[in-house]
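Trainee: Prediction below, plus the sequence it came from.
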Amino acid sequence: MRALLPLLLAALAAAPLVLPAAPAAAADAVRVKDLGKLRGWRENALVGYGIVTGLAGTGDSPTNRTTRQALSNVFSRFNLTVPADQVQSRNVAVVMVSAALPTFAREGDTVDVTVTSAGDARSLVGGSLLVTPLEGPNGRVYALAQGPLSVGGYRYDANGNVVQKNHPTVGSIPNGATVELAVNAEVLGVGQDLTFVLTDPDYTTASAVAAAIDAQVGAGLARARDASAIEVKVPDADRDRLVTFVARLENVTVAPDRRARVVIDERSGTVVVGGDVRIAPVAISHGDLKVSITDFNSVSQPTGVIDTGRGVRTAFVTNTRVEVDEPSGAGFVPATSNTVADLVQSLARLKVNTRDTISILRAIKAAGALHAELVVQ
């Protein structure tokens with residue numbers, strides 16, 4: 001229970017400290033390739049439907065019509081005619097198989113696959129995936145997956161007792177899919193130009209990237225189209241050597257602009273903040289009033305009575321104790337600067353826990369004194 005008893009934690013300077021923006025140091029410069037990627041550079045999602053066999057009685061139940069029909073279809077491919085209603089096995093499970101196809105995948109390359117149970121199987125431990133075609137959104141088969149599953153858990157049950165670790169109905173096959181259809185990313189646009197896309201859109205950074213490309217690759221090649229896209233013209237002499245030109249482009253160094261941001265993870269009590277994030281002059285008071293109510297149950301038993309009457313009996317008595325804990329004293333920490341880093345250090349010296357620090361930062365943001373974006377996860 002929060003109360004009104006305050007503990008003055010920090011008081012910042014009466015006038016804001018205004019400093020001119022200093023030029024970015026050379027150590028802050030990063031490569032362009034670390035700030036984003038070229039348009040068309042992406043992974044492609046693949047998905048398929050398959051069967052896992054070899055389970056030790058932990059597969060789908062015999063009443064699962066999907067499993068019976070799927071197993072009957074597999075048998076028919078090997079000239080075995082088994083009606084679906086006669087398939088009885090708990091060593092088989094129907095699964096969904098997914099994978100991510102890299103940007104420049106070639107025939108014969110291998111990719112990792114994830115296998116998840118689609119029925120009522122209890123565990124996929126010890127199973128092996130039959131050959132499963134993996135399709136893209138256009139319906140074309142790009143890879144074939146098969147192999148033994150690696151499951152990071154288990155489940156065993158007997159006589160109503162269950163022992164389980166993690167999720168045994170999800171497994172993976174490292175390098176379990178072989179690429180059958182190559183994928184080539186189209187990075188060149190209609191006008192024979194490249195478009196570089198920033199991971200974190202920012203007008204200042206986009207303008208700085210365009211200026212750095214003009215200065216280090218060639219004048220008049222780059223133009224910032226918006227906060228995230230920078231268009232780069234490919235010279236005629238470099239179109240036949242596009243890989244070399246892109247390599248030069250990726251290694252252009254630039255000092256990106258940093259957005260003031262405070263990230264708070266309430267689940268773990270973690271606060272990550274840039275050391276130069278500033279706050280306006282503000283005074284903060286915070287305190288706790290802890291009220292603890294404890295019940296003690298005791299029994300009152302009549303003693304020394306030979307012949308008890310009807311109204312004499314054992315009585316249960318409840319005693320209640322109320323404790324109030326009010327922190328005494330107040331702390332004052334003079335601030336030497338108006339940054340969030342200094343405030344957090346002051347709170348740490350006063351042994352304020354992380355949860356209370358998060359509450360204080362949120363209150364400062366609500367008061368309009370925190371000049372940064374507050375991200376709560």
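Mentor: Done, it's in.
Trainee: Quick check: next helix or strand after the worst-scoring helix or strand of the chain on mean pLDDT?
Mentor: None of the helices or strands of the chain scores lower by mean pLDDT, DSSP states H and E than strand 7-11, at a mean of 36. Downstream of strand 7-11, the next assigned helix or strand under DSSP states H and E is strand 30-31.
Trainee: Identify the neighbouring strands of that following strand in the sheet and state each direction.
Mentor: Next to strand 30-31 in the sheet, as set by DSSP bridges, lie strand 253-254 (antiparallel).
Trainee: And the strand it pairs with, how far out from the chain middle?
Mentor: With Cα atoms, centre = their mean, to the nearest Å as the basis, strand 253-254 stands 28 Å off its chain's centre.
Trainee: what does it rub up against?
Mentor: With Cβ atoms under 8 Å, 6 or more residues apart in numbering as the test, strand 253-254 has contacts from 29-32, 35, 205, 208-209, 212, 216. No exception for glycine: its C-beta is placed from N, CA and C like everyone else's.
Trainee: list the buried ones in stretch 345-357?
Mentor: With burial defined by 16 or more other Cβ atoms under 10 Å, the residues of stretch 345-357 counted as buried are 346-347, 350, 352, 354, 356-357.
Trainee: ignore the last one, stretch 84-93
Mentor: Along stretch 84-93, these residues count as buried under the neighbour rule (16+ other Cβ under 10 Å): 87, 89-90, 92-93.
Trainee: CA atoms only: put it into PDB for me.
Mentor: Provided in PDB are the C-alpha atoms of stretch 84-93 (Å, rounded to 0.1, in the frame of the first residue of the first chain):
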ATOM      1  CA  ALA A  84      -8.400 -45.500 -43.400                       C
ATOM      2  CA  ASP A  85     -10.800 -47.000 -40.900                       C
ATOM      3  CA  GLN A  86      -8.500 -50.000 -40.500                       C
ATOM      4  CA  VAL A  87      -5.300 -48.000 -39.600                       C
ATOM      5  CA  GLN A  88      -4.600 -48.400 -35.900                       C
ATOM      6  CA  SER A  89      -1.300 -47.000 -34.600                       C
ATOM      7  CA  ARG A  90       0.000 -44.800 -31.900                       C
ATOM      8  CA  ASN A  91       3.500 -44.700 -33.300                       C
ATOM      9  CA  VAL A  92       2.500 -42.000 -35.900                       C
ATOM     10  CA  ALA A  93       1.800 -38.300 -35.700                       C
END
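Trainee: Check what contacts it and list those residues.
Mentor: For stretch 84-93, using Cβ under 8 Å, 6+ apart, the contacting residues are 51-62, 65, 67-69, 71-72, 117-119, 121, 124, 127.
Trainee: Please repeat the previous calculation with a cut-off of 6 Å.
Mentor: 52-53, 55, 57, 59-60, 62, 67-69, 71-72, 117, 119, 121 (Cβ atoms under 6 Å, 6 or more residues apart in numbering).
Trainee: what's the burial count for Thr116?
Mentor: Neighbour count for Thr116, taken as other Cβ atoms under 10 Å: 14.
Trainee: before we move on, the earlier item: which of the contacts of stretch 84-93 lies closest to Glu180?
Mentor: Val52 (21.2 Å; Cβ to Cβ).
Trainee: and that closest one, helix, strand or coil?
Mentor: Here Val52 is recorded as strand under DSSP: H, G, I helix; E, B strand; the rest coil.
Trainee: Just give me the neighbour total for the closest residue to it other than its chain neighbours.
Mentor: Nearest residue to Val52 in three dimensions, chain neighbours excluded: Gly127, at 3.9 Å (Cβ to Cβ, 6 or more residues apart in numbering). The number of residues packed near Gly127 is 26, by other Cβ under 10 Å.
Trainee: pretty sure Gly127 contacts Ala56?
Mentor: No: between Gly127 and Ala56 there is no contact under Cβ atoms under 6 Å: 9.0 Å.
Trainee: Am I right that Arg267 sits in a strand?
Mentor: No: with three-state DSSP as the criterion, Arg267 is coil rather than part of a strand.
Trainee: The closest residue to it other than its chain neighbours: how many residues sit nearby?
Mentor: In this structure, Arg267 finds its nearest non-sequential neighbour in Gln377, 7.5 Å apart by Cβ to Cβ, 6+ apart. Neighbour count of Gln377, defined by other Cβ under 10 Å: 9.
Trainee: And for Asn73?
Mentor: 12.
Trainee: cool, Gly139 as well?
Mentor: Around Gly139 there are 6 residues (other Cβ under 10 Å).
Trainee: still on that earlier bit, and the buried residues of stretch 84-93 as a markdown table, adding secondary structure?
Mentor: Output for the buried residues of stretch 84-93, formatted as a markdown table (three-state DSSP):
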| residue | secondary structure |
| --- | --- |
| Val87 | coil |
| Ser89 | coil |
| Arg90 | coil |
| Val92 | strand |
| Ala93 | strand |
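Trainee: okay if I get those as TSV plus pLDDT?
Mentor: Below are the buried residues of stretch 84-93 laid out as TSV (pLDDT from 0 to 100):
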residue	pLDDT
Val87	81
Ser89	83
Arg90	87
Val92	92
Ala93	93
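Trainee: possible to save the residues you listed as CSV with distance to Pro235?
Mentor: Listed next are these as CSV, based on distance: Cβ to Cβ, whole Å:
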residue, distance to Pro235
Val87, 65
Ser89, 64
Arg90, 65
Val92, 59
Ala93, 57
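Trainee: Need the contact partners of stretch 147-165.
Mentor: 115, 122-125, 127-128, 166-168, 171-173, 176.
Trainee: Could you list the buried residues of it?
Mentor: 147, 149, 151, 155.
Trainee: what's the distance between the third one and Leu350?
Mentor: Going from Val151 to Leu350 by Cβ to Cβ, to the nearest Å gives 48 Å.
Trainee: show me where pLDDT drops low in the protein?
Mentor: 1-27, 157-160, 274-276, 282-296, 300-313, 316, 318-338 (pLDDT under 70).
Trainee: just so I have it, where are all the helices in it?
Mentor: Listed in chain order, the helices of the chain (DSSP state H) span 65-77, 203-216, 242-250, 340-349, 354-366.
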